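In: got a predicted structure here, sequence first:
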Amino acid sequence: MSESLTLSQKTICSGKVTVPGSKSLSNRALLLAALCEGTTKITNLLDSDDIRHMLTALEQLGVKTELNEDKTECIVHGVGGSFKSPNQELFLGNAGTAMRPLAAVLAFSQVNATLTGEPRMYERPIGHLIDALIPFADNVTYLAEEGYPPLKIRPYAGTKQDRIEFNIDGSVSSQFLSALLMAAPLLNSPVKINVIGELVSKPYINLTLSILASFGVQITNNDFQSFELTGTEQYKSPKTFMVEGDASSASYFLAAGAITGGPIEVFGIGKNSVQGDIQFAEVLAAMGAEVEYFDDHLTVSSNGQLKGIDMDMNHIPDAAMTIATTALFAEGTTKIRNIYNWRVKETDRLAAMATELKKYGAKVVEGHDFIEVTPDKERQVAIDTYDDHRVAMCFSLLSFKPSGITINDPKVTSKTFPDYFERFNSVTN
Ligand SMILES: O=C(O)C1=C[C@@H](OP(=O)(O)O)[C@@H](O)[C@H](O)C1
Ligand SMILES: C=C(OP(=O)(O)O)C(=O)O
């Protein structure tokens, strides 16, 4: 029997809270530091399941890492991409930010490796990435269903083609393109990457380009249609790299401020954040909240009167889930559009959110790539979380309803935010 957590009615969210380091930046920083020669000290690293999977995999590949006691600082002794073949499989849990970049980087390395994960990882597609690699690196094979992990990777044999031009489908996940961008400097040749289809979750590509620049690699972005490397790019350690607080994790507190009136000050993120999910604050503003941007924090307050919105949220796929529950505090209907890839994340998030919101009593329309939510009944229910950290975190907002809320299996937050409920309770009452 898994646990559950009951949050009885709260009315206040105010004060200061700091969010832990960004998952997306933590896993990229660890990998890029491993690809550098010399050491890099990473600070404000996230300590969570997804990061532990990347760290363990890098250790198995022969990269020495030294974590401090609370696991938020890590010295990475880079190997310049010369990984050792791991003796065992690399188990990557359900961490997309470990599986996709490692698959691409190892495809161009001299290793024998098997990339495995949790059962859900085997339902999350990776075919678009492998299809892009295959013309140059046919050393990657599927061990079970074609198009999905687990993967077997053999040592890279080089390519006879004199022009390296990848074609990558970006219509399901931006992580495939990010993975290729991080692997491309290892080829030491001019590289062009063409994007096929409508690129989703675009701000994550800016995040990748920004961290690549911090690690000495500048890639030309031709309006997200193609990307070019000259062949002279080399990873160079920035010596120290500070991970920003996680903007997706911030969304729950920002929303809580908007729902209750706040003011809540969320530290760790700020007006110059490189993370696309910082734009979540603009959605709250469109719903009627007041947002103030500072260098090291954001403040949200409101008069408690939010209104429903109709918005394309393809650019903030993770934080958009927080809008689906915030919608229950807004007048009228909220429509979150262009979010097909919710279906291929930790769970089918469109189905999960629709099911749980309906169970609570809301009126919900679930489309192929959208969800429409209108507040209606408010039932005292226990929310199922489907092994999805974000389902647990976004439903915690229903503790601001008189009905309160019970969350089944609250420990699922360990993927990206292990002490979420403690921090939530510290600023809510
Ligand atoms: O590159 C990244 O760090 C991420 C990209 C997004 O995935 P998609 O590009 O698959 O939408 C996001 O949902 C995920 O949590 C992290
Ligand atoms: C989609 C997510 O994770 P992943 O990095 O595994 O894709 C997420 O954190 O919401």
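Out: Ah, there it is. Model, not experiment: these values are computed from the prediction. Numbers count the residues shown, from 1 in each chain. Ligands and ions are numbered 1, 2, ... in the order given.
In: could you check how far the residue in the chain positioned nearest to ligand 2 is from residue 126?
Out: When distances are taken as Cβ to the nearest ligand atom, the chain reaches nearest to ligand 2 at residue 96, 2.7 Å away. Placement of C-beta: from N, CA and C, glycine included. Distance, residue 96 to residue 126, by Cβ to Cβ, to the nearest Å: 9 Å.
In: residue numbers of the stretch 201-350 of the chain in contact with ligand 2?
Out: For the stretch 201-350 of the chain, the contact set with ligand 2 under Cβ under 6 Å from any ligand atom comprises 318, 345, 346.
In: so what's the second one up against?
Out: Residues near residue 345 by Cβ atoms under 8 Å, 6 or more residues apart in numbering: 96, 124, 317, 388.
In: give me the three-state assignment for the closest residue to residue 420 other than its chain neighbours.
Out: Nearest non-adjacent residue to residue 420, counting by Cβ to Cβ, 6 or more residues apart in numbering: residue 413, 4.2 Å away. Here residue 413 is recorded as helix under DSSP: H, G, I helix; E, B strand; the rest coil.
In: quick one, what contacts residue 413?
Out: Contacts for residue 413 were tallied using Cβ under 8 Å, 6+ apart; they are 389, 392, 393, 420, 421.
In: at 6 Å what do you get?
Out: Shown in contact with residue 413 (Cβ atoms under 6 Å, 6 or more residues apart in numbering): 389, 392, 393, 420.
In: kindly report the same for residue 66.
Out: Neighbours of residue 66 in contact, by Cβ under 6 Å, 6+ apart: residue 75.
In: after the helix or strand hosting it comes which helix or strand?
Out: Using DSSP states H and E, residue 66 sits in strand 64-67. Next along the chain after strand 64-67, taking DSSP H and E as the criterion, comes strand 74-79.
In: please save the CA atoms from that following strand in PDB.
Out: C-alpha atoms of strand 74-79 as PDB (Å, rounded to 0.1, in the frame of the first residue of the first chain):
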ATOM      1  CA  CYS A  74      29.700  18.800  -7.200                       C
ATOM      2  CA  ILE A  75      33.300  18.800  -8.500                       C
ATOM      3  CA  VAL A  76      33.400  17.000 -11.800                       C
ATOM      4  CA  HIS A  77      36.700  15.700 -13.100                       C
ATOM      5  CA  GLY A  78      36.100  15.900 -16.800                       C
ATOM      6  CA  VAL A  79      37.500  13.200 -19.100                       C
END
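In: how far does the helix or strand just after it sit from the chain's center?
Out: Next in sequence after strand 74-79, counting helices and strands by DSSP H and E, comes strand 90-91. Chain-centre distance of strand 90-91: 19 Å, with Cα atoms, centre = their mean, to the nearest Å.
In: just the residues contacting strand 90-91, thanks.
Out: With contacts defined as Cβ under 6 Å, 6+ apart, strand 90-91 is touched by 57, 60, 113, 115, 116.
In: quick check: bridge partners of the residue nearest to the fourth one when sequence neighbours are not counted?
Out: If the residues on either side of it in the chain are set aside, residue 115 comes closest to residue 151, at 4.5 Å by Cβ to Cβ, 6+ apart. Beta-bridge pairing for residue 151 (DSSP bridges): residue 115, residue 142.
In: mind listing what residue 151 touches?
Out: 103, 115, 140.
In: any idea which of those is closest to residue 195?
Out: residue 103 (18.2 Å; Cβ to Cβ).
In: neighbours of residue 297, just the number please.
Out: Applying other Cβ atoms under 10 Å, we find 21 residues neighbouring residue 297.
In: got it, and residue 407?
Out: Residue 407 has 25 neighbours, counted by other Cβ under 10 Å.
In: and what about it, helix, strand or coil?
Out: Here residue 407 is strand, with the state taken from three-state DSSP.
In: residue 53 too?
Out: Classification of residue 53 by three-state DSSP places it in helix.
In: isn't residue 392 right up against residue 385?
Out: Yes. Residue 392 is within contact range of residue 385, at 4.4 Å (criterion: Cβ atoms under 6 Å).
In: list residues touching both of those two?
Out: Common contact partners of residue 392 and residue 385 (Cβ under 6 Å, 6+ apart): residue 412.
In: so residue 200: helix, strand or coil?
Out: Following three-state DSSP, we place residue 200 in the coil state.
In: contacts only, for it.
Out: So residue 200 contacts 174, 314, 341 (Cβ under 6 Å, 6+ apart).
In: gap between it and residue 177?
Out: Remark: distance between residue 200 and residue 177 (Cβ to Cβ) = 10 Å.
In: picking up where we left off before, out of the contacts of residue 413, list just those in strands.
Out: Among those, no member falls in strands (DSSP state E).
In: any chance of JSON lines for these, columns neighbour count?
Out: Converted to JSON lines, these look like this (neighbours: other Cβ atoms under 10 Å):
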{"residue": "389", "neighbour count": "27"}
{"residue": "392", "neighbour count": "27"}
{"residue": "393", "neighbour count": "26"}
{"residue": "420", "neighbour count": "24"}
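In: may I see these organised as CSV, with pLDDT and distance to ligand 2 added?
Out: Converted to CSV, those look like this (pLDDT from 0 to 100; distance: Cβ to the nearest ligand atom, whole Å):
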residue, pLDDT, distance to ligand 2
389, 98, 7
392, 98, 12
393, 98, 10
420, 98, 13
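In: just give me the closest of those to ligand 1.
Out: Closest approach between the contacts of residue 413 and ligand 1, by Cβ to the nearest ligand atom: residue 389, at 10.0 Å.
In: residues near the closest residue to that closest one other than its chain neighbours, how many?
Out: Closest residue to residue 389 apart from its sequence neighbours, by Cβ to Cβ, 6+ apart: residue 415 at 4.2 Å. Counted by other Cβ under 10 Å, the residues lying close to residue 415 total 22.
In: residue 18 against residue 269, yeah?
Out: No. Between residue 18 and residue 269 there is no contact under Cβ under 6 Å: 9.5 Å.
In: which one of the two has more residues nearby?
Out: It is residue 269, of residue 18 and residue 269, that has more neighbours when counted by other Cβ under 10 Å, with 29 against 16.
In: tell me the contacts of that one?
Out: By Cβ under 6 Å, 6+ apart, the residues touching residue 269 are 245, 247, 250.
In: looking at those, which is nearest ligand 1?
Out: residue 247 (10.8 Å).
In: I figured that closest one hits residue 276, correct?
Out: No. Residue 247 is not in contact with residue 276 according to Cβ under 6 Å; the separation is 7.5 Å.
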